[in-house]
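Engineer: Sequence first, predicted model second:
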Amino acid sequence: MLDISSKMKFNTPTTTVLYSIEETIKAYRRLSQHNISQIVPDITVDQALILLLLENNDKTQTEIADLVFKDYASMTRIVKLMMNKDYLIKKTDNQDKRKAKLEITEKGKIIIKKLKPIIQVNRETALSTISEEELEQLYKTLQKITKNCNS
């Protein structure tokens, strides 16, 4: 447990909790990419996440970009790659011709079915030794850090 004096002491970047959060995210992405690649070799974690977010949402490309923490240019590149792989198509909005709607293709839907069990295994692996109480506390703590950074 950290006491208040240890919070005030300057640590090297690699000994901070924020570094540990980043390290954890990268380790989880490596695990996820490795396991996903075993089933669908030509998809990235970000592409898989986008497919899953589009599956039950009627979100715009910009809204999806925000949800996956991508700038608009990166999201545009990812969507173009996904269209080239026949995972997505873009359809012009009938009400507003300036807007385009992303839709999952049949191939994309098949990919989603293949991905769901892998994602479940990834989550179970990552969280296997963590209790429900620990997860709740971690979630609350991460929300506080996010709120502190956004205020």
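Structural biologist: Nice, I can see it. Numbering: from 1, shown residues only.

Engineer: so who does residue 105 touch?
Structural biologist: Residue 105 is in contact with 86, 87, 88, 89, counting by Cβ atoms under 8 Å, 6 or more residues apart in numbering. No exception for glycine: its C-beta is placed from N, CA and C like everyone else's.

Engineer: Tell me how far it lies from residue 123.
Structural biologist: Note on residue 105: its distance to residue 123, by Cβ to Cβ, to the nearest Å, is 26 Å.

Engineer: isn't residue 115 right up against residue 47?
Structural biologist: No. Here residue 115 lies out of contact with residue 47, judged by Cβ atoms under 8 Å, at a distance of 9.9 Å.

Engineer: tell me the contacts of the residue lying closest to residue 62 once chain neighbours are set aside?
Structural biologist: Of all residues not flanking residue 62 in the chain, residue 72 sits nearest, at 6.4 Å (Cβ to Cβ, 6 or more residues apart in numbering). Going by Cβ under 8 Å, 6+ apart, residue 72 touches 61, 62, 65.

Engineer: Cross those against helices and list the overlap.
Structural biologist: Among the contacts of residue 72, the members falling in helices (DSSP state H) are 61, 62, 65.

Engineer: Now the buried members of those residues.
Structural biologist: 61, 65 (16 or more other Cβ atoms under 10 Å).

Engineer: Closest one to residue 15 out of the ones in helices among the contacts of residue 72, please.
Structural biologist: residue 65 (32.9 Å; Cβ to Cβ).

Engineer: How about the closest one: what's its closest non-neighbour residue?
Structural biologist: residue 75 (3.7 Å).

Engineer: Might you report the residue contacts of that neighbour?
Structural biologist: Taking Cβ under 8 Å, 6+ apart as the test, what residue 75 contacts is 61, 62, 64, 65, 68.

Engineer: again, only using 7 Å
Structural biologist: Contacts for residue 75 were tallied using Cβ atoms under 7 Å, 6 or more residues apart in numbering; they are 61, 64, 65.

Engineer: Wait, a helix at it?
Structural biologist: Yes. With DSSP: H, G, I helix; E, B strand; the rest coil as the criterion, residue 75 is located in a helix.
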